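Pasted the sequence and its predicted model underneath.
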Amino acid sequence: MFKHKGISIIKSEFIQNVFTLLSGATISQIIALISIPVLTRIYTPEDFGFFAIYLSIANILATLSTGRYELAIMLPDKKENAIAIIKGIFRIAITFSFIILIIVLIAKNTQNRISDFIKPFYFYFLPLSIFIIALANVFTQWYTREKKFKVQAKIKIYKSSSNAAVNILIGLFYYIKSAGLFFGHIFSQTIQFLLFTTKFYQQEKKSIPQIKRKTINKQLKDNRNFPFYSAPMGFLNTISSDILIYVLNLFYSTTLVGFYANAHKVINYPLSLISQSFTSVFYQKINETNKKVKLYLISYFINFLIASLAMIPVIFWGEEIFGFVLGNNWTIAGSIAKYLAPLTIAGFAMRSVSNIFSLTRKNDILLIWQIIYLAIILLMILLSRSKDFKIMLLSVSFAGALLYITLAVIGYRILKIKYTKNA
């Protein structure tokens, strides 16, 4: 009797925690989505292009700046050891950011392709962005460990709201190209960082000074597999996600980057809301059920169908929809969304069930696939870059979709081999 009650309480707590996090993510993404039609009428595609490049670089470098040690915060039994990891990450991140500052200063004062690439003034703030993003990721892991899910949900909403508000206000009253987008980002990230660190210090101000250098070094040494294995995986994943930003800027124009960035947001924000909800429930259920193969197949094809239905209007009326929602100057974004539909559908379906690689302890296969994916996408870009950008997008889209479908088949085979008797 007590056993069943305990299981029920655990399940209830788990579901409540999931929905608490999802509510914060959902509201913050809805705020961001609603603000896009306003922002596209204030800022130009080129403005969005410059900002997309900046943000992508910041996110990629932030992934490296922590060595992915933040993933180790959940592991220690003792809270003191988790705090030691946080202090260690702080030192690594601030050193990394300082190195990036030196590189930016050198690059900005030389005449070459790199200086042209980072010519907007706000690239001077890149080290600050890297540090803030890195520490925000760290505190997200910390508050997950401490089960402070309401804190995370509220801060996500504050961040999204402040970002949208500053973007709109600066754009309306003091428009200077993409500066409003940048200052909105910096302001919202700073708000998030200050809220996280203030609560952390208030909660742990007695423990923090007691953590010795010896303990910090031991924790970093014990968890050194994260910078060696997880950091490369995170780096490749971020590069793969943003590869078109760099390609479009390098071979075409920053304006085209802006069209792509907003096409990606408008299409993926609604789908990601579904994906976040589904992935959490799927991972819970596939751990419990004996019919793992059947659940995997049903889940994959349901998500494939959902994404296909969501993309049908874009495929047939992409230009008209984007022109109406974002403004007449944004019809090209609708074309880009249409050409990337196969990749969007296949990627969404696979990401929703990708936890099976963690379940089966096959993350090494996922890493190999990620390397192959990036190599093939780059090859398709090089082969088609001399043609019209639409041909290049279609080549990337169909190649990427095929690779995601291949990953889905691999996942199916792994589950079938391991759990064939229970399927």
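Structure's in. What do you need?

backbone phi and psi for the spatially closest residue to Phe304 that is not a sequence neighbour, please?
Take Phe304 and drop its neighbours on the chain: the residue closest to it by CB to CB, 6 or more residues apart in numbering is Ala349, 3.9 Å away. C-beta coordinates here come from the backbone N, C-alpha and C atoms, glycine included. Backbone dihedrals for Ala349, given as degrees, to the nearest 10, come out at phi -60, psi -40.

What helices and strands are in contact with the strand or helix carrying Asn81?
Asn81 is part of helix 79-108 when elements are defined by DSSP states H and E. Helices and strands touching helix 79-108, by 3 or more CB pairs under 8 Å, 6 or more residues apart in numbering; DSSP states H and E, are helix 45-65, helix 113-117, helix 126-145, helix 213-222.

Out of those helices, which is closest to Met311?
With distances scored as CB to CB, the stretch of the helices and strands packed on helix 79-108 nearest to Met311 is helix 45-65 (21.7 Å).

Which residues lie in contact with the residue nearest to Ser240 when sequence neighbours are not counted in this structure?
Counting by CB to CB, 6+ apart, Leu374 is the residue found nearest to Ser240 once chain neighbours are left out, at 5.0 Å. Contact analysis of Leu374 by CB atoms under 8 Å, 6 or more residues apart in numbering lists 236, 239-240, 243.

what comes up buried for stretch 235-247?
Neighbour counts over stretch 235-247 (16 or more other CB atoms under 10 Å) mark 235-240, 242-247 as buried.

Out of the residues you listed, which is nearest to Leu172?
Ile245 (26.6 Å).

tell me which strands and helices the helix or strand hosting the closest one is in contact with?
According to DSSP H and E, Ile245 maps onto helix 231-251. Secondary-structure packing of helix 231-251 (3+ CB pairs under 8 Å, 6+ apart): helix 45-65, helix 254-288, helix 363-384, helix 389-419.

mean confidence score for that helix?
In this model, helix 231-251 carries a mean pLDDT of 83.

Only C-alpha atoms, please: export it in PDB.
The C-alpha trace of helix 231-251 is given here as PDB (Å, rounded to 0.1, in the frame of the first residue of the first chain):
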ATOM      1  CA  ALA A 231      32.000  19.400 -25.200                       C
ATOM      2  CA  PRO A 232      32.800  18.200 -28.800                       C
ATOM      3  CA  MET A 233      29.300  16.800 -29.100                       C
ATOM      4  CA  GLY A 234      27.700  20.000 -28.000                       C
ATOM      5  CA  PHE A 235      30.000  22.000 -30.300                       C
ATOM      6  CA  LEU A 236      29.200  19.900 -33.300                       C
ATOM      7  CA  ASN A 237      25.500  20.000 -32.600                       C
ATOM      8  CA  THR A 238      25.500  23.800 -32.300                       C
ATOM      9  CA  ILE A 239      27.600  24.100 -35.500                       C
ATOM     10  CA  SER A 240      25.200  21.800 -37.400                       C
ATOM     11  CA  SER A 241      22.200  23.700 -36.200                       C
ATOM     12  CA  ASP A 242      23.600  27.000 -37.300                       C
ATOM     13  CA  ILE A 243      25.600  26.000 -40.400                       C
ATOM     14  CA  LEU A 244      23.300  27.700 -42.800                       C
ATOM     15  CA  ILE A 245      23.800  31.100 -41.000                       C
ATOM     16  CA  TYR A 246      27.500  31.000 -41.900                       C
ATOM     17  CA  VAL A 247      27.000  29.600 -45.300                       C
ATOM     18  CA  LEU A 248      24.400  32.200 -46.400                       C
ATOM     19  CA  ASN A 249      26.600  35.000 -45.000                       C
ATOM     20  CA  LEU A 250      29.800  33.700 -46.600                       C
ATOM     21  CA  PHE A 251      28.500  32.800 -50.100                       C
END
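
start the count at 806, not 1, going forward
Yep, numbering from 806; the last one is helix 1036-1056 now.

So the chain: which segments form each domain?
Annotated domains of the chain cover 811-1028, 1030-1228 [automatic domain parsing].
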